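*Asks:* only the shape, not the letters, is given here:
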């Protein structure tokens, strides 16, 4: 019985994560761990990949 309840709760929680996302937000701080995000922003890599995937222009 407990497994069924836990399974139901997890399935409901995971279905909320599937929702369409219209905005990507990332914190910008200084440090080596944020270097990849800074390079992605500088090279506009997210925008380029969105165009390649056929999503279209994003702001």
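*Replies:* Right, received. Where do you want to start? If you're wondering where the values come from, they're calculated on a predicted model, not measured in any experiment.
*Asks:* over to stretch 39-53 now: how far is its first residue from its last?
*Replies:* End-to-end distance for stretch 39-53, by Cα to Cα, to the nearest Å: 20 Å.
*Asks:* where does the chain have low pLDDT?
*Replies:* Scanning the chain for pLDDT under 70 picks out 1-2, 4-21, 59.
*Asks:* show me where it has helices.
*Replies:* Remark: helices assigned in the chain by DSSP state H are 2-16, 35-42, 45-52.
*Asks:* list the buried ones in the second one?
*Replies:* Read it as helix 35-42. For helix 35-42, the buried set under the neighbour-count rule, 16 or more other Cβ atoms under 10 Å, is empty. For the C-beta atoms, the positions are set from N, CA and C on the backbone; glycine is no exception.
*Asks:* other SSEs contacting it?
*Replies:* With contacts defined as 3 or more Cβ pairs under 8 Å, 6 or more residues apart in numbering; DSSP states H and E, helix 35-42 has no helix or strand neighbours.
*Asks:* repeat the analysis, applying 10 Å as the threshold.
*Replies:* If contacts are counted by 3 or more Cβ pairs under 10 Å, 6 or more residues apart in numbering; DSSP states H and E, helix 35-42 sits against helix 45-52.
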